[in-house]
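Visitor: no sequence on this one, just coordinates:
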């Protein structure tokens, strides 16, 4: 039933309302009928005729609350231990304020809201003042508590809070729940205000500033005491404990917005102020491999801005100092295995430290990568080029050769390949590495010394993961050629079987694409040599029959293709039956052709050998020298004699063709020269591409652009880029700007 406005007796009604208000604020029981009756009384006062009495009711309530809070304040100030008293009074008051909001709900609906609405529509700025003057009852109550209680007793109240926090820091039990509720009351009394405004203003002004000062002073003294009483290791242990305890304390007691600034204050006093001394000790930790202390120091230093960066710089320098041994080994001409082992010792040691004790922090991962890159690409003050590419390729060659399988299981070889790939990523001269690797891969495939094609694919896949498909495409084409050759050999065998033809020897052919393999068609020794003036070779009759039959088969299958046999890379296996023991020897076709001349003769004149083989003089001398050195034939005054007493510990082996060391040095020198020329052309092409798109560019900008374009293959020197620029100016691709000599222009 709707109530109608009527005349009201204000004093009589207020007296009854005040009694219920007092009971509510003291949390005394109130009869339900009495509660409902006073809610009705509030309604009639707000809607009284002829003049509403809402404002009078509002003012009386405000005066009552002020007096009530003042009496509470006197109780707080009367006691010595004010925190429990304040907490008890505040909780009772805040709950009572919530009940008052229900008791005076008609005052909120018909007076405060209406007043605000009217003033807002008429006068915008004046409405702001009205919002502050006529607030909802609960907001009014909380503001009065703020003004009459907190703002007038904050000095002793905050001092008591800070004393209790200090006691807790010293291990003395504190009023845990009381402390938290008292601190959060500074926020709750303003919780009704605009969330984007000043909800935390009182808390920050009266409490947070003093809390930060108190925290800083406490931990400054604590840091000095701990440092004087402990060595660095124990100091870090205790500081970590202190910081962990403080974080739990802050989360338990204070408002969440103060946690970060308080933690920062702790870190500044416990860590930042003695950072330099800790970093000095850090060098000794690295030197003595005190990994637990390294982990503790990292836990502390990472809390500082730029702290980990300073640690990482020291870490980088220490790694490089540790790796100098590998550089010295390289300078002394060590074996690939020794060099790789030295690098792996450093890499594994510090990778373990980064992953297990430094949480794989990116700063330290980058420091490790920079130090390893610096080590791997060091020249050792002995070479124009770093030897790392050559040594790593030779190491990989040893891993992937069949001979390595005798001493290592398949899983061990795969582990060795993973280590090899881990080191490869630090090589800057990836073009030089690729050139070396392609030559070694070609030799393994052609001479059938590889462990397996599958492992070769694993190695190439690892390289592709680091450098992309284009980088490994030539290597993969070589593997494809070998697979195609196997299929083609099977087809040729089936072809002979279908025609009922038999060969006197076991014959197989590798069909290699001319542009995919790193050697020329005439000698196979160097891809830089020309195919002109290819040396002749008189193929032994048994082999000539096989070659003719295969050519006929191949030309019929693939019309339009040209076959050219590369005899310097061809091998043959011969069985010696003229010796006390039977031997099976794999050798070059040239060596095989010489031995076949001794099938019917014991001694063959050198002139007959030369005319029978038709080789160049240098190649013939090399072939005969290798057979004499291996003691298969003997040099006599009238020619060469077969050694019928030949003996060897191994019954199956491969015969070397020449001095491995001489061959390797020559191959390395040729590769360096070839790569150097390729780099010049690559840089010139990069300059032209850049200038064609930009038309005009400053010198320094051009240098940087070329370095960025080349960095995935090699790191060009500024001097080399300058020389290439001069070459392009001479070729009239570029010109210098007429008014700015450090600016280049592209000539179309």
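Guide: Right, received. Where do you want to start? Remember, it's a predicted structure, so these values are computed and weren't measured experimentally.
Visitor: Please name the nearest non-neighbouring residue to residue 736.
Guide: residue 744 (6.2 Å; CB to CB, 6 or more residues apart in numbering). Where C-beta positions appear, they are placed from N, C-alpha and C, glycine not excepted.
Visitor: try residue 450
Guide: Excluding the flanking residues, the one nearest residue 450 by CB to CB, 6+ apart is residue 444, at 4.2 Å.
Visitor: Likewise for residue 484?
Guide: Nearest to residue 484 is residue 511, by CB to CB, 6+ apart, at 6.5 Å.
Visitor: any idea which element the one you found lies in?
Guide: Secondary structure assignment for residue 511, by DSSP states H and E: no helix or strand.
Visitor: Also residue 727?
Guide: helix 718-730.
Visitor: So for that helix, what gets flagged as buried?
Guide: Neighbour-count burial for helix 718-730 flags 720-721, 724-725, 728 (criterion: 16 or more other CB atoms under 10 Å).
Visitor: got any ranges where the stretch 301-450 of the chain has weak pLDDT?
Guide: 331, 380-384 (pLDDT under 70).
Visitor: and what of the stretch 51-200 of the chain?
Guide: For the stretch 51-200 of the chain (pLDDT under 70), the answer is 112-133, 174, 192-198.
Visitor: mind listing the helices for it?
Guide: Ranges of helices in the stretch 51-200 of the chain, per DSSP state H, counting those that start in this stretch, are 54-78, 82-103, 105-107, 113-122, 124-133, 137-145, 151-169, 176-188.
Visitor: rewinding a little: how much space is there between the residue nearest to residue 450 and residue 478?
Guide: 10 Å (CB to CB, to the nearest Å).
Visitor: right, and the secondary structure at residue 346 would be what?
Guide: helix (DSSP: H, G, I helix; E, B strand; the rest coil).
Visitor: If you tally nearby residues, what's the number for the residue nearest to residue 450?
Guide: Residues lying near residue 444 (other CB atoms under 10 Å) number 20.
Visitor: Return the residues in contact with it.
Guide: 397, 400-401, 450, 456 (CB atoms under 8 Å, 6 or more residues apart in numbering).
Visitor: The residue nearest the centre of the chain and residue 87: what is the separation?
Guide: The chain has residue 362 as the residue nearest its centroid, 5.8 Å off, counting by CA atoms, centre = their mean. In this structure, residue 362 and residue 87 are 47 Å apart, going by CB to CB.
Visitor: With residue 418 instead?
Guide: For residue 418 relative to residue 87 (CB to CB), the value is 64 Å.
Visitor: Now do the same for the residue nearest to residue 484: its pLDDT.
Guide: Per-residue pLDDT puts residue 511 at 89.
Visitor: how about it, what does it touch?
Guide: For residue 511, the contact set (CB under 8 Å, 6+ apart) comprises 481, 484-485, 488, 554, 563.
Visitor: got any ranges where the stretch 451-600 of the chain has weak pLDDT?
Guide: If you take pLDDT under 70 as the line, the stretch 451-600 of the chain has these spans: 520-536.
Visitor: Do a quick rundown of the helices in it.
Guide: Using DSSP H, counting those that start in this stretch, helices in the stretch 451-600 of the chain cover 453-467, 469-498, 541-557, 589-596.
Visitor: Can you tell me which of those is most buried?
Guide: Comparing the helices of the stretch 451-600 of the chain by mean neighbour count (mean count of other CB atoms under 10 Å), helix 589-596 ranks first with a mean of 21.
Visitor: After the helix holding residue 727, heading C-terminal, what element do we hit next?
Guide: strand 734-736.
Visitor: who's in contact with that following strand?
Guide: Contacts for strand 734-736 (CB under 8 Å, 6+ apart): 687, 691, 725, 728-729, 743-747.
Visitor: Show me just the buried residues among these.
Guide: 687, 691, 725, 728, 744, 746.
Visitor: Can you tell me which of those comes closest to residue 608?
Guide: residue 728 (57.4 Å; CB to CB).
Visitor: which residue packs closest to the closest one, ignoring adjacent ones?
Guide: Counting by CB to CB, 6+ apart, the residue nearest residue 728 is residue 734, at 4.9 Å.
Visitor: and the one you found, how many residues sit next to it?
Guide: 20.
Visitor: ok, now residue 636?
Guide: Neighbours around residue 636, by other CB under 10 Å: 12.
Visitor: For it, give me phi and psi.
Guide: Here is the backbone geometry of residue 636 (degrees, to the nearest 10): phi -120, psi 170.
Visitor: quick thing: my sequence starts at 2, can you match it?
Guide: OK, 2 is where the count begins now, so the last one is residue 637.
Visitor: That one bridge partners, please.
Guide: residue 640 (DSSP bridges).
Visitor: more neighbours, residue 419 and residue 88?
Guide: More crowded of residue 419 and residue 88, by other CB under 10 Å: residue 88, with 19 against 12.
Visitor: okay but the more buried one is in contact with residue 183, surely?
Guide: Yes - contact criterion CB atoms under 8 Å: residue 88 and residue 183 qualify, at 5.3 Å.
Visitor: From residue 270, how far off is residue 305?
Guide: Distance from residue 305 to residue 270, counting by CB to CB: 12 Å.
Visitor: who's more crowded, the two?
Guide: Neighbour count, other CB under 10 Å: between residue 305 and residue 270, residue 270 has more, with 20 against 17.
Visitor: quick one, what contacts that one?
Guide: Shown in contact with residue 270 (CB under 8 Å, 6+ apart): 217, 220-221, 223-224.
Visitor: Now secondary structure too, for these, in a markdown table please.
Guide: Formatted as a markdown table, the contacts of residue 270 follow (three-state DSSP):
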| residue | secondary structure |
| --- | --- |
| 217 | helix |
| 220 | helix |
| 221 | helix |
| 223 | helix |
| 224 | helix |
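Visitor: Out of the residues you listed, who's the most crowded?
Guide: residue 220 (25 neighbours).
Visitor: any idea what sits nearest it, other than its immediate chain neighbours?
Guide: Closest residue to residue 220 apart from its sequence neighbours, by CB to CB, 6+ apart: residue 270 at 4.0 Å.
Visitor: ok, now residue 300?
Guide: residue 241 (6.0 Å).
Visitor: For that neighbour, grab the count of nearby residues.
Guide: Residues lying near residue 241 (other CB under 10 Å) number 14.
Visitor: again, but for residue 694
Guide: Residue 694: 10 neighbours (other CB under 10 Å).
Visitor: Kindly provide the whole-number mean pLDDT of the helix or strand containing it.
Guide: Per DSSP H and E, residue 694 falls inside helix 661-695. Helix 661-695 shows a mean pLDDT of 81.
Visitor: buried set for that helix?
Guide: Within helix 661-695, the residues scored as buried using 16+ other CB under 10 Å are 668-669, 671-673, 675-676, 680, 683-685, 687-689, 691-692.
Visitor: Stretch 341-358 too?
Guide: For stretch 341-358, the neighbour count (16+ other CB under 10 Å) marks 341, 343-345, 347-348, 351-352, 354-355, 358 as buried.
Visitor: can you check stretch 572-590 too?
Guide: Across stretch 572-590, burial judged by 16+ other CB under 10 Å covers 572-573, 575, 577, 584, 586-590.
Visitor: do the same with stretch 60-69
Guide: For stretch 60-69, by 16+ other CB under 10 Å, it's 61-63, 65-66, 69.
Visitor: leaving aside the residues next to it on the chain, what's closest to residue 555?
Guide: Using CB to CB, 6+ apart, the nearest residue to residue 555 is residue 564, at 5.9 Å.
Visitor: pretty sure the one you found is in contact with residue 552, am I right?
Guide: Yes - counting by CB under 8 Å, residue 552 is a contact partner of residue 564 at 5.9 Å.
Visitor: The residue nearest to residue 737 reaches residue 698, doesn't it?
Guide: Yes - using CB under 8 Å, residue 745 is in contact with residue 698, at 5.8 Å.
Visitor: So for those two, which residues contact both of them?
Guide: Common contacts of residue 745 and residue 698, defined by CB under 8 Å, 6+ apart, comprise residue 692.
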